[in-house]
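A.B. asks: Here is the input, now give the coordinates:
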Amino acid sequence: MVRLSGYGKRRAWELSGGQQQRVALARALINHPTCLLLDEPLAALDRKLRREMQIELQTLQRDVGITFILVTHDQEEALSMSDRICIMREGQIIQSGSPRELYDEPVNRYVADFVGKTNFFSGEVVDVSGSKVTIKSESGQVLVGALSKGAAGLAIGGKACVAVRPEMISITASSESNDFTNIAIHGQVMNRIFLGEHSEYLIATEGCGGVLVLSPKSIESNSRSFAPGDNVSLSWKPDAALVLGDT
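C.D. replies: Residues are numbered from 1 along each chain as shown. Alright, predicted model coming up:
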């Protein structure tokens, strides 16, 4: 089951890190437990091997048909491997649900910040209309977003923050127009990191601090990529912003 046929005569130090992890799994599973606890089992592995073991663990869990409880501080690992996630803080469960629920609908800023990367814009609530909330940010800009489940009690005059995932933000040259209805935030490129499938930009803005943007390779070209020092505009659709009750 753990794909180690033919390795029985090898000593522990003659096995790779991934093979040693499979041995540990075999020792635990041979007792036919009804539940298996894995406490950061992949933390010591390099990135490529960790990804391979993630797939093997998922396949193994389906084959043996028992519950795996995986403890991890790796956000990507939690999102990619879990059917259900519990986010804990100071011994208390803050939110539980599917990976998509926690990523798309965090109940507060702590969860939004813990699961994936997020930009936050704090400010004061100036209008609440159904599930739509308008906030005047600390920089004076007016932002619109959808009300999160954890912020149902928000009222005009209260403090809140708008959370926007980096991949939901469109980046254009300051001279270009955009089709989004949310107000544009102007800034200057401070850094660009090419990560293969996308580029990661850090944008310095007036009043909103540093804003992280992920731009997919599919929409980037030499004519649309930006370099440090370029002036740009950032925008997003209103439904891409989530209003949280804590700042």
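
A.B. asks: Now do the helices in this protein.
C.D. replies: 17-29, 47-64, 75-81, 99-104, 109-114 (DSSP state H).

A.B. asks: Low-confidence bits of this protein, can you list those?
C.D. replies: Residue ranges of the chain with pLDDT under 70: 175-183, 218-224, 247.

A.B. asks: what residues are up against the residue nearest to residue 39 when sequence neighbours are not counted?
C.D. replies: Leaving aside its sequence neighbours, residue 39 sits nearest to residue 71 (C-beta to C-beta, 6 or more residues apart in numbering; 4.7 Å). Every C-beta, even on glycine, is put in place using the N, C-alpha and C of the backbone. Residue 71 makes contact with 37, 38, 39, 40 under the criterion C-beta atoms under 8 Å, 6 or more residues apart in numbering.

A.B. asks: One more: residue 134?
C.D. replies: 125, 126, 127, 128, 142, 143, 144.

A.B. asks: Identify the bridge partners of the fourth one.
C.D. replies: What that stands for is residue 128. Bridge pairing for residue 128 (DSSP bridges) gives the partners residue 133.

A.B. asks: ok now do it, which residues does it touch?
C.D. replies: Applying C-beta under 8 Å, 6+ apart to residue 128 gives the contacts 134, 147, 154, 155, 156.

A.B. asks: just the fifth one next, same as before
C.D. replies: Applying C-beta under 8 Å, 6+ apart to residue 142 gives the contacts 126, 134, 135, 136, 183.

A.B. asks: If we ignore the residues flanking it in sequence, what's nearest the spatially most central residue of the chain?
C.D. replies: The chain has residue 116 as the residue nearest its centroid, 1.5 Å off, counting by C-alpha atoms, centre = their mean. Closest residue in space to residue 116, ignoring its immediate chain neighbours: residue 103 at 5.7 Å, by C-beta to C-beta, 6+ apart.

A.B. asks: Pull the number of nearby residues for that neighbour.
C.D. replies: 18 (other C-beta atoms under 10 Å).

A.B. asks: residue contacts, it?
C.D. replies: Residue 103 touches 79, 115, 116, counting by C-beta under 8 Å, 6+ apart.

A.B. asks: where exactly do the strands run in this structure?
C.D. replies: Along the chain, counting by DSSP state E, strands occupy 35-39, 67-71, 85-89, 92-97, 119-129, 132-137, 142-147, 159-164, 170-173, 185-194, 198-205, 209-216, 231-235, 241-244.

A.B. asks: and this structure, what are its domains?
C.D. replies: 12-83, 119-244 (automatic domain parsing).

A.B. asks: Of those domains, flag the one that's most buried.
C.D. replies: Among the domains of the chain, domain 119-244 has the highest mean neighbour count (mean count of other C-beta atoms under 10 Å), at a mean of 16.

A.B. asks: what's the span of it from first residue to last?
C.D. replies: 12 Å (C-alpha to C-alpha, to the nearest Å).

A.B. asks: going forward, begin numbering at 55 instead of 1
C.D. replies: New numbering, starting at 55: the last item is domain 173-298.

A.B. asks: distance between it and the chain's centre?
C.D. replies: Put simply, domain 173-298 sits 16 Å off its chain's centre (C-alpha atoms, centre = their mean, to the nearest Å).

A.B. asks: Also stretch 136-149?
C.D. replies: On C-alpha atoms, centre = their mean, the centre of stretch 136-149 falls 15 Å from that of its chain.

A.B. asks: So which bits of it are buried?
C.D. replies: Applying a neighbour-count criterion of 16 or more other C-beta atoms under 10 Å, one finds 136, 139, 141, 148, 149 buried in stretch 136-149.
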